[in-house]
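**Q** My questions concern the predicted model and sequence given below.
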Amino acid sequence: MVSGSARFEVLSPTLVRTEYAGDAKFVDAATFNAIGRDTFRSPAFTTTTQDGWLVLDTGALTLRYKVDSGAFTDQNLVVRLKAGPQQVEGHPWSGHTTAVCGFGVLCEGEDLTLQGFGTATDHTGFTGTGFAAGFEGQGNSLSFQVTPPAAGNYVLDLRYANGLSTARTLTLSVDGSSARQVPLPPTGGWDSWSVLPFDLQLAAGPHTVTLAHTAADTGQLNVDSLAVLPTGASYPEPVSLCTFGALCEAESLGLHGRMHLATDHAGYTGKGFAAGFEGVGDDITFSVDAAAAGDYQLTARYARGFSGRR
């Protein structure tokens with residue numbers, strides 16, 4: 001059963017093999033917990049689409065996948081299994097979720113999905129809480145998911161440090177395909193950071209972008225942040241941190257588009273206020289660390305001098 005870039009192979013009434021390929025080029029790799037699956041008898045099952053969800057039902061198991069929602073996550077793929085009189089719900093891709101980087105937004109390297117290496121703070125000049133450090137071993141990779149507004153040509157801007165005397169290389173891929181080696185020249189030291197653009201051609205919808213140290217690469221560099229942008233756009237400012245439970249001044253947060261600091265009206269706190277929201281693209285961004293997962297309330301203090309709805 002194929003739904004866009006997702007494929008589901010029903011091996012038994014209680015076992016479904018899941019595979020996602022952004023380029024729709026599926027592979028018949030071995031299945032971890034199913035040996036000799038080619039000899040399995042095909043069980044009966046039904047498929048329907050309900051409210052944008054693909055529903056696959058074997059009678060003993062129900063699998064639900066949000067159609068065209070991209071790579072599997074703990075939010076878009078749910079399995080319900082009958083265990084006696086009870087229904088047991090599971091999220092088989094929980095813990096395998098790729099970090100999301102908003103289109104047009106600066107994303108910190110330390111907040112993305114890192115495989116085989118970690119973060120550090122032992123060099124100056126980074127933004128955020130640190131940087132993705134090393135890419136020293138084969139198999140080390142940094143991944144994130146991004147959704148462009150439409151199909152088109154875009155740019156991946158990468159802020160990195162290469163303190164060695166020669167260019168280092170990584171392999172850039174989108175949805176596991178279209179891999180190409182990218183060179184990253186020296187930056188003059190490990191405390192010196194440069195921004196380098198790489199062209200990306202993306203279809204509409206979510207994509208997983210990966211930078212990896214493959215057998216053909218030299219690695220050994222640090223990544224501070226990155227952004228996927230329209231061609232010619234400026235590198236975004238870092239997203240400001242708003243401490244959970246504290247009052248944060250809007251003028252000190254990330255202001256984009258025509259948003260700007262102003263002081264021409266009385267009654268504000270801090271150094272002024274964030275003025276604008278005059279057109280599409282104007283926004284205020286910030287990051288916050290919640291104490292635990294849950295529903296919270298965002299309270300904003302604002303002024304509106306118009307009588308109509310804004």
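**A** The structure has been received and is ready for your questions.

**Q** List the buried residues of stretch 242-257.
**A** Neighbour-count burial for stretch 242-257, counted by 16 or more other C-beta atoms under 10 Å, picks out 242, 249-255. C-beta: built from backbone N, CA, C; applies to glycine.

**Q** err, stretch 147-155, not the other one
**A** Buried, per 16+ other C-beta under 10 Å, within stretch 147-155: 147-148, 154-155.

**Q** what's the closest of these to Gly294?
**A** Thr147 (25.1 Å; C-beta to C-beta).

**Q** now Pro206, nearest residue through space, not along the chain?
**A** If the residues on either side of it in the chain are set aside, Pro206 comes closest to Gly70, at 3.2 Å by C-beta to C-beta, 6 or more residues apart in numbering.

**Q** for that neighbour, what are its contacts?
**A** Taking C-beta atoms under 8 Å, 6 or more residues apart in numbering, we find Gly70 in contact with 5, 20, 76, 145, 147, 205-208.

**Q** what do you get if the cut-off is 7 Å, keeping everything else the same?
**A** If a contact means C-beta atoms under 7 Å, 6 or more residues apart in numbering, then Gly70 has 145, 205-206 as its contacts.

**Q** again with Thr121
**A** Residues counted as contacts of Thr121 (C-beta under 7 Å, 6+ apart) are Gly130.

**Q** per-residue pLDDT, it?
**A** With respect to pLDDT, Thr121 has a value of 89.

**Q** With Gly305 instead?
**A** Reading off the confidence values, Gly305 has pLDDT 84.

**Q** again, but for Gly189
**A** Looking at Gly189, its pLDDT stands at 96.

**Q** Apart from its chain neighbours, what residue comes closest to it?
**A** Spatial nearest neighbour of Gly189, excluding adjacent residues (C-beta to C-beta, 6+ apart): Gly163 at 5.1 Å.

**Q** which element is the one you found on?
**A** Gly163 is located outside every helix and strand, with elements delineated by DSSP states H and E.

**Q** Which one of the contacts of Gly70 is nearest to Pro13?
**A** Pro13 lies nearest to Pro206 out of those, by C-beta to C-beta, at 30.9 Å.

**Q** give me every residue that touches that closest one.
**A** With C-beta under 7 Å, 6+ apart, Pro206 has these contacts: 70, 145, 147.

**Q** Just the contacts of Gly70: which are in helices?
**A** Among these, no member is found in helices (DSSP state H).

**Q** Show the pLDDT at the residue nearest the centre of the chain.
**A** Centroid-nearest residue in the chain: Val100, 1.8 Å away (criterion: C-alpha atoms, centre = their mean). On pLDDT, Val100 comes in at 84.

**Q** Kindly confirm whether my reading is correct that Ser141 touches Phe117.
**A** No - look at Ser141 against Phe117 with C-beta atoms under 7 Å: they stay out of range, at 8.6 Å.

**Q** ok, back up a step: closest one to Leu15 out of the buried residues of stretch 147-155, please.
**A** Thr147 (31.3 Å).

**Q** Setting aside sequence neighbours, what's the nearest residue to the closest one?
**A** Pro206 (4.5 Å).

**Q** Show me what secondary structure element comes after the helix or strand bottoming out on mean pLDDT in the chain.
**A** Within the chain, no helix or strand scores below strand 254-256, which has a mean of 72 by mean pLDDT, DSSP states H and E. Going down the chain from strand 254-256, the next helix or strand is strand 260-262, by DSSP H and E.
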